[in-house]
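# I need the structure of the sequence given here:
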Amino acid sequence: MTYATGRIEEEVAYLAYHFHWGIDDILDLEHADRRAYVSQIAALVERAEGKQ
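The predicted structure follows:
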């Protein structure tokens with residue numbers, strides 16, 4: 001199974017922006033862990049914006 005390059009770039013950018021992590025650290029994460037962090041950040045952002 002492959003993972004779309006654009007999607008990986010979106011996840012990396014999102015995590016780097018919010019956590020200020022480097023690309024190598026983000027890419028070293030397992031796919032499931034990276035997606036979990038993205039989901040958690042999105043939930044926090046939505047809560048902060050009053051969308052939840």
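# Roughly how far does Glu11 sit from Gly50?
Distance, Glu11 to Gly50, using CB to CB, to the nearest Å: 25 Å. C-beta here means a position set from N, CA and C on the backbone, and glycine is covered the same way.
# same thing with Ala13?
24 Å.
# Who has more neighbours out of these two?
Taking other CB atoms under 10 Å, Ala13 and Gly50 do not tie; Ala13 has more neighbours (12 against 6).
# what comes up buried for the helix or strand hosting the more buried one?
Using DSSP states H and E, Ala13 maps to helix 5-19. Buried residues in helix 5-19, counting neighbours by 16 or more other CB atoms under 10 Å, are found at 11-12, 14-15.
# mind giving me TSV with those residues and columns for pLDDT and distance to Ile26?
Output for the buried residues of helix 5-19, formatted as TSV (pLDDT from 0 to 100; distance: CB to CB, whole Å):
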residue	pLDDT	distance to Ile26
Glu11	95	7
Val12	96	5
Tyr14	97	9
Leu15	97	5
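# Next, give me the two most distant ones among those residues.
Val12 and Tyr14 (7.3 Å; CB to CB).
# Next, Leu29: secondary structure please.
Classification of Leu29 using DSSP: H, G, I helix; E, B strand; the rest coil returns coil.
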